[in-house]
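Peer 1: I'll drop the sequence and a predicted model, then ask my questions.
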Amino acid sequence: MELLQQTIRNIPPVAHQAAAAVKRRFDRLTKPQGSLGELETLVANYAGMTGEQMPSIPRKAMVLMAGDHGVAVHGVSAYPQEVTVQMVYNYLSGGAGANVLARHAGADMFIVDVGVRVDLKEHPRIINRKIAYGTEDFTRGPAMTREQAVKGLEVGIEIANMCIDQGYGLFALAEMGIGNTTATAAIASVFTGLSPEQAVGRGSGIGDGRLKIKQQVVQQALLVNKPNRGDALDVLSKIGGYDIAGLAGVILGGAARRVPTVIDGVIATGAALIAAGLAPEARNYMIGSHLSAEPAHGKMLEVLGLRAVLDMGMRLGEGTGACLAMTLLDAGIKLLRDMATFEEAGIATAEPR
Ligand SMILES: O=C(O)c1ccc[n+]([C@@H]2O[C@H](COP(=O)([O-])O)[C@@H](O)[C@H]2O)c1
Ligand SMILES: Cc1cc2nc[nH]c2cc1C
């Protein structure tokens with residue numbers, strides 16, 4: 001609890017001067033003013049987070065939190081629960097979508113077991129921080145205890161600190177957990193006011209029958225647990241997951257040391273809602289990536305004040321959208337640093353209006 005509280009207290013305000021300096025430089029570059037659109041905003045916001053007026057390409061860490069969800073017993077996923085652990089081995093061998101796009105973005109992957117249902121085989125690349133063998137079924141009571149939720153958050157903070165100590169300057173959130181879109185829909189319903197029917201989507205690709213069950217499951221979870229939206233730790237412990245807790249911790253740990261986090265899809269955004277509930281200032285260190293196909297995602301981003309930079313119908317999770325967004329941020333930083341100014345190129349500036 002101490003690490004969590006201290007981390008929250010340490011989150012600094014953003015450096016508005018650095019963001020303003022970036023905007024001024026974009027206006028001096030050889031292009032019509034504002035013509036790089038949201039790419040300019042992305043880099044300016046990033047500069048406000050890090051405090052650098054002339055940011056360099058950051059070293060990138062993708063933190064993938066894997067955990068199982070007790071609610072999976074209700075058949076709310078299109079895939080069996082074993083897929084969580086099977087995909088963890090796929091990440092370790094480098095063959096998942098997450099691995100391909102992390103390599104594409106130049107990000108190193110940190111694969112963390114925070115709550116997978118079984119013991120994993122020894123592997124040099126797995127970071128074992130297992131808190132429990134999956135969450136409890138939250139239609140019958142809380143998914144975890146408050147203490148376990150704090151532990152999950154502190155795992156994320158610890159991993160963030162370890163990465164920052166190693167020189168990483170940007171995080172991408174990534175997760176794997178069969179059933180985690182059900183937990184996320186419940187969290188989304190609490191923080192956005194969407195009804196369970198509106199918040200629940202097809203996740204990994206369920207049909208109409210499972211969709212109906214998933215809606216009932218979320219409704220039941222809210223009825224049984226009565227999560228208090230004013231207490232994010234209450235929400236996380238009752239209807240969250242270890243993967244979500246760990247990711248919320250990464251956001252907080254990064255924010256406390258001015259390291260921004262690219263959020264990824266609907267589950268990572270659920271973690272972002274938890275982080276923002278615990279520390280509203282943490283929102284200033286979040287970067288949106290894509291708009292997931294899950295129906296609640298747009299509203300969740302809106303509540304957080306985040307903008308999705310991509311809208312491609314993606315719904316894989318695993319940090320795949322966050323990786324693509326990181327490549328856009330890199331492109332923006334390169335433009336800021338490498339384009340010529342009007343003065344350097346001897347090009348006439350705009351006519352007065
Ligand atoms: O990131 C998203 O927006 C997203 C949307 C739908 C599914 N997923 C992934 O699919 C898994 C959860 O789907 P489900 O149907 O088991 O809840 C989990 O491992 C997520 O990484 C991810
Ligand atoms: C194969 C597979 C990969 C995933 N990655 C994230 N969620 C997933 C769900 C499945 C089923």
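Peer 2: Happy to help now that I have it. Predicted, not measured: the structure shown is a model, and the values here were computed from it. Ligands and ions are numbered 1, 2, ... in the order given.
Peer 1: near ligand 1, which residues of the stretch 51-200 of the chain?
Peer 2: When proximity is defined as C-beta under 6 Å from any ligand atom, the stretch 51-200 of the chain approaches ligand 1 at 77, 78, 175, 176, 177, 178, 179, 180, 181, 182. Glycine gets a C-beta too; all of them are placed from N, C-alpha and C.
Peer 1: Neighbour count, distance to ligand 2 and pLDDT added to these, as TSV?
Peer 2: Output for those, formatted as TSV (neighbours: other C-beta atoms under 10 Å; distance: C-beta to the nearest ligand atom, whole Å; pLDDT from 0 to 100):
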residue	neighbour count	distance to ligand 2	pLDDT
77	24	8	98
78	14	7	98
175	30	8	98
176	27	5	98
177	31	8	98
178	27	7	99
179	29	10	98
180	32	8	99
181	30	9	99
182	29	13	99
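Peer 1: Which of these fall in strands?
Peer 2: Members of those lying in strands (criterion: DSSP state E): 175, 176.
Peer 1: from the residues of the stretch 51-200 of the chain next to ligand 1, which ones fall inside helices?
Peer 2: Among these, the members falling in helices are 180, 181, 182 (criterion: DSSP state H).
Peer 1: State the distance from the closest residue in space to residue 175 that isn't next to it in sequence to residue 9.
Peer 2: Nearest residue to residue 175, sequence neighbours excluded (C-beta to C-beta, 6 or more residues apart in numbering): residue 243, at 4.4 Å. Note on residue 243: its distance to residue 9, by C-beta to C-beta, to the nearest Å, is 25 Å.
Peer 1: again with residue 81
Peer 2: Residue 81 is 38 Å from residue 9, by C-beta to C-beta.
Peer 1: tell me, how many neighbours does residue 35 end up with?
Peer 2: Applying other C-beta atoms under 10 Å, we find 10 residues neighbouring residue 35.
Peer 1: same question, the one 5 residues further on
Peer 2: Counted with other C-beta under 10 Å, the neighbours of residue 40 add up to 22.
Peer 1: Local confidence estimate at it?
Peer 2: Note on residue 40: pLDDT of 98.
Peer 1: who touches it in this structure?
Peer 2: 22, 23, 26, 34, 332 (C-beta atoms under 8 Å, 6 or more residues apart in numbering).
Peer 1: May I see the buried residues of whichever strand or helix holds it?
Peer 2: Using DSSP states H and E, residue 40 maps to helix 37-50. For helix 37-50, the neighbour count (16 or more other C-beta atoms under 10 Å) marks 39, 40, 41, 42, 43, 44, 45, 46, 47, 48, 49, 50 as buried.
Peer 1: Tell me which stretches of the stretch 51-200 of the chain form helices.
Peer 2: For the stretch 51-200 of the chain, the helices defined by DSSP state H, counting those that start in this stretch cover 82-93, 97-105, 146-165, 180-192, 196-199.
Peer 1: Now the ones you listed in TSV, please, with extra columns for distance to residue 67.
Peer 2: Listed next are those as TSV, based on distance: least, C-beta to C-beta, whole Å:
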stretch	distance to residue 67
helix 82-93	8
helix 97-105	15
helix 146-165	8
helix 180-192	8
helix 196-199	20
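Peer 1: just checking, residue 72 touches residue 181?
Peer 2: No. Using C-beta atoms under 8 Å, residue 72 is not in contact with residue 181, being 10.8 Å away.
Peer 1: sorry, back to before: ChimeraX command to pick out the buried ones of the contacts of residue 40?
Peer 2: A single ChimeraX command is used to select the members of these judged buried by 16+ other C-beta under 10 Å:
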select :22,26,332
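Peer 1: quick one: which of the contacts of residue 40 is nearest ligand 1?
Peer 2: For the contacts of residue 40, the residue nearest ligand 1 by C-beta to the nearest ligand atom is residue 332; the value is 23.3 Å.
Peer 1: Report the contact partners of the closest one.
Peer 2: Residues counted as contacts of residue 332 (C-beta under 8 Å, 6+ apart) are 36, 39, 40, 42, 43, 46.
Peer 1: State the helix or strand in which it lies.
Peer 2: Using DSSP H and E, residue 332 sits in helix 320-338.
Peer 1: Residue numbers of the stretch 251-353 of the chain in contact with ligand 1?
Peer 2: 265, 266, 267, 292, 294, 315, 316, 317, 318.
Peer 1: Provide the secondary structure category for the third one.
Peer 2: Secondary structure of residue 267, reduced to three states by DSSP: H, G, I helix; E, B strand; the rest coil: helix.
Peer 1: wait, it sits on residue 182?
Peer 2: No. At 10.3 Å, residue 267 does not count as touching residue 182 under the criterion of C-beta under 8 Å.
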